[in-house]
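Novice: Make a model of this:
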Amino acid sequence: VAQLLKDMVIGVGPSVAGSNLPMLRNVLDQTMKRAAKDLKAQPEVEAEMQSTIGEIYMVLEDFEKAKEMHEEALRLRKSVFGETNLWVAASLSALGYAMGGLGKLDEAERNVRLALAIQRNLGGKAPVEAATSLQYLGYILERRKKYSEAEAAYREALEIRRKVHSGDNLFTATLLSDFAKVLRTQNKHAESAVFFREEARMRKGIPGGPRRALAGALASLARELEMVGDLIGAEAAHREELTEERRLSGDKHEFVANSLVLLGRILARADRVEEANQAFSESLEIRKNALGNEHYQTRMSRLEIGRLQAEHGKYEEAAEIIREELELLRAAEGKGEASTNHDFAMILHHLAELQWVQKELVGARPHAEKAWKLYLQHPDWPDNERTHAYQVLHAVLTGLDDQRALESLLQDQIGRMRGNLPADSPELAGLLAQLTLHRLARQEFAAAEATAREALTIREKTSPDDWRTFNSRSQLGGSLLGQKKYAEAE
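Specialist: Sure thing, here's the model as predicted:
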């Protein structure tokens with residue numbers, strides 16, 4: 001029964017299985033009660049049952065219950081097999097993953113590394129199990145923001161999986177997704193796109209595989225292609241994702257509206273204004289009917305239309321959307337409903353962006369600043385929207401030529417990046433170079449020297465022949481000249 005449930009949950013995916021969670025919990029509880037009674041004299045069989053049910057809970061992301069199951073399986077297996085058996089290693093690995101899901105990262109990493117050591121000592125007799133442990137290790141290291149180490153773990157796991165499994169399968173597809181995501185986190189968008197594409201291709205080839213996961217892979221692929229400037233490829237992926245969402249959910253579902261917004265943004269970037277407007281308008285109608293006129297998702301679709309209009313000279317139409325949005329904000333504040341949640345922050349920075357396009361910089365600034373403040377207070381909010389909030393505020397402050405505020409913003413962003421990216425990240429170097437420019441403009445030459453040196457160190461290591469590296473050398477030279485360090489500047 002447990003194995004049958006596991007296969008079902010993996011097949012439909014956690015979101016669908018989770019909608020039937022009360023029924024699943026009841027079946028799992030009954031199964032465990034019966035196992036405890038019937039398998040008391042067979043600890044190795046009982047351990048297998050505990051382990052299988054623990055894996056189901058992991059798929060459902062109920063990590064507390066998964067931890068309980070895997071701890072008991074580990075205890076039983078040690079009592080039967082000793083400390084270094086293959087089954088003991090499997091329980092250690094799974095327990096580590098569950099602990100990672102609970103945020104107990106030190107203990108999680110320790111358990112998975114111990115499992116991996118046991119599996120490696122078996123001399124290649126457990127390649128699949130080692131691949132699973134490496135994947136779990138990658139997950140834990142990613143949560144610890146050790147991205148380069150997580151990448152290495154995922155890469156090794158993928159090499160093993162490809163040797164063991166020649167055909168399309170869910171395990172490799174999930175690993176491809178994990179690997180692509182950690183590459184994306186490090187801004188390796190071109191390589192990330194390669195693995196999201198392979199994931200999507202593989203999921204198409206798995207009979208009865210979870211189609212929602214395929215739609216997610218296509219959306220991720222489109223995003224990465226957009227990041228590297230391949231708008232044609234991004235559009236194709238989004239259109240395929242939209243087709244998949246319509247097939248899964250019907251034409252009036254929120255998932256379809258989300259896909260339409262993403263497609264509309266690509267079309268807008270390609271200056272296909274009418275097609276973009278059609279996509280945004282369809283998403284707006286879906287959201288109005290499903291969620292109401294004042295829901296933040298409905299308002300986001302409206303703001304997308306407003307930005308498109310403003311960018312293409314339809315200023316009066318865009319101004320009307322701004323007026324409507326401001327009235328909704330004032331009404332919410334009057335009712336005490338204006339909050340600090342993520343929905344509210346998204347409305348603020350997307351409204352500020354529309355105002356910036358309309359050259360309403362003074363009106364845009366408080367909205368952009370409040371949104372950015374909220375993102376700083378909530379590091380768990382989505383990075384893509386946080387980046388957008390930063391870009392909007394930076395654009396508004398640049399338009400207002402407020403150099404001190406710009407420097408403060410850059411310092412906030414650099415501080416955040418130091419906690420999220422490797423010390424030699426090109427993105428960090430770019431921000432340091434921007435900060436150097438602001439300091440040079442204000443003739444703060446000693447401070448400019450410090451940031452210029454750090455940016456140059458990163459760029460000489462990662463891209464020594466790139467024009468940006470020569471630009472950083474020039475910035476360092478300017479900061480030294482400003483301090484009359486002529487010999488060093490030469």
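Novice: and E245, how far is that from G216?
Specialist: Computed with Cβ to Cβ, to the nearest Å, the distance linking E245 and G216 is 10 Å. The C-beta positions use only the backbone N, C-alpha and C, and glycine is treated the same way.
Novice: Those two - which one has more neighbours?
Specialist: E245 (24 against 20; other Cβ atoms under 10 Å).
Novice: residue ranges with poor pLDDT in the stretch 51-200 of the chain?
Specialist: Scanning the stretch 51-200 of the chain for pLDDT under 70 picks out 124-125.
Novice: K204 touches L214, doesn't it?
Specialist: Yes. Between K204 and L214 there is a contact at 6.4 Å, judged by Cβ atoms under 8 Å.
Novice: In terms of neighbours, single out the busier of these two.
Specialist: Neighbours around K204 and L214, counted as other Cβ under 10 Å, are more numerous at L214. The numbers are 22 against 16.
Novice: check which helix or strand covers the residue nearest to the more buried one when sequence neighbours are not counted.
Specialist: Leaving out its chain neighbours, the residue that sits closest to L214 by Cβ to Cβ, 6 or more residues apart in numbering is R203, at 4.2 Å. Using DSSP states H and E, R203 sits in helix 189-204.
Novice: pretty sure G419 is touching K145, no?
Specialist: Yes. With contact defined as Cβ under 8 Å, G419 reaches K145; the gap is 7.1 Å.
Novice: what is in contact with these two at once?
Specialist: Common neighbours of G419 and K145, using Cβ atoms under 8 Å, 6 or more residues apart in numbering, do not exist here.
Novice: Between the two, point out the one with more neighbours.
Specialist: Taking other Cβ under 10 Å, G419 and K145 do not tie; K145 has more neighbours (13 against 8).
Novice: Find me the pLDDT at the residue lying closest to the more buried one once chain neighbours are set aside, would you?
Specialist: Distances taken as Cβ to Cβ, 6+ apart put N420 closest to K145, at 6.2 Å, once the chain neighbours are dropped. N420 carries a pLDDT score of 73 in this model.
Novice: how near is N420 to Q186?
Specialist: In terms of Cβ to Cβ, N420 sits 10 Å off from Q186.
Novice: which one of these two has more residues nearby?
Specialist: Just comparing N420 and Q186: by other Cβ under 10 Å the higher neighbour count belongs to Q186, 18 against 14.
Novice: Isn't Q403 up against A441?
Specialist: Yes. Between Q403 and A441 there is a contact at 6.3 Å, judged by Cβ under 8 Å.
Novice: okay, the two: which has more neighbours?
Specialist: Q403 (15 against 12).
Novice: ok, now how distant is the more buried one from L435?
Specialist: 11 Å.
Novice: I'd guessed I321 sits against L354; true?
Specialist: Yes. With contact defined as Cβ under 8 Å, I321 counts as touching L354 (7.0 Å).
Novice: Counting neighbours, go ahead and name the busier of these two.
Specialist: Shown here are I321 and L354; by other Cβ under 10 Å, L354 has more neighbours (28 against 21).
Novice: contacting residues around the more buried one?
Specialist: Listed by Cβ under 8 Å, 6+ apart, the contact set of L354 reads L303, G306, R307, A310, A318, I321, I322, E325.
Novice: 10 Å instead?
Specialist: With contacts taken as Cβ atoms under 10 Å, 6 or more residues apart in numbering, L354 has the following neighbours: 302-311, 318-319, 321-322, 325, 360, 364, 367, 392.
Novice: what's the answer for G306, then?
Specialist: 280, 314, 317-322, 324-325, 350-351, 353-355, 357-358.
Novice: Out of the residues you listed, which end up buried?
Specialist: By neighbour count, with 16 or more other Cβ atoms under 10 Å, the contacts of G306 hold 280, 314, 318-319, 321-322, 325, 350-351, 353-355, 357-358 as buried.
Novice: Helices - which of the residues you listed land there?
Specialist: F280, A318, A319, I321, I322, E325, H350, L351, E353, L354, Q355, V357 (DSSP state H).
Novice: of these, closest to F81?
Specialist: The nearest member of these to F81, counting by Cβ to Cβ, is H350 at 57.0 Å.
Novice: Distance from the chain centre to the helix or strand containing R75, please.
Specialist: Assessed by DSSP H and E, R75 sits inside helix 63-81. Averaged C-alpha coordinates place helix 63-81 at 31 Å from its chain's average position (Cα atoms, centre = their mean, to the nearest Å).
Novice: Buried residues, it. List them.
Specialist: Neighbour-count burial for helix 63-81 [16+ other Cβ under 10 Å]: 63, 65-74, 76-78, 81.
Novice: again with stretch 299-312
Specialist: Under the neighbour-count rule (16+ other Cβ under 10 Å), stretch 299-312 has 299-311 buried.
Novice: Also stretch 383-403?
Specialist: Buried, per 16+ other Cβ under 10 Å, within stretch 383-403: E385, R386, H388, A389, Y390, V392, L393, H394, A395, V396, L397.
Novice: Inside helices: which ones of those residues?
Specialist: Under the assignment DSSP H, the buried residues of stretch 383-403 contribute E385, R386, H388, A389, Y390, V392, L393, H394, A395, V396, L397 to helices.
Novice: export those to JSON lines and tack on distance to H342 and pLDDT?
Specialist: Below are these laid out as JSON lines (distance: Cβ to Cβ, whole Å; pLDDT from 0 to 100):
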{"residue": "E385", "distance to H342": "8", "pLDDT": "88"}
{"residue": "R386", "distance to H342": "10", "pLDDT": "88"}
{"residue": "H388", "distance to H342": "12", "pLDDT": "92"}
{"residue": "A389", "distance to H342": "11", "pLDDT": "94"}
{"residue": "Y390", "distance to H342": "15", "pLDDT": "93"}
{"residue": "V392", "distance to H342": "15", "pLDDT": "95"}
{"residue": "L393", "distance to H342": "16", "pLDDT": "96"}
{"residue": "H394", "distance to H342": "20", "pLDDT": "94"}
{"residue": "A395", "distance to H342": "21", "pLDDT": "95"}
{"residue": "V396", "distance to H342": "20", "pLDDT": "96"}
{"residue": "L397", "distance to H342": "23", "pLDDT": "95"}
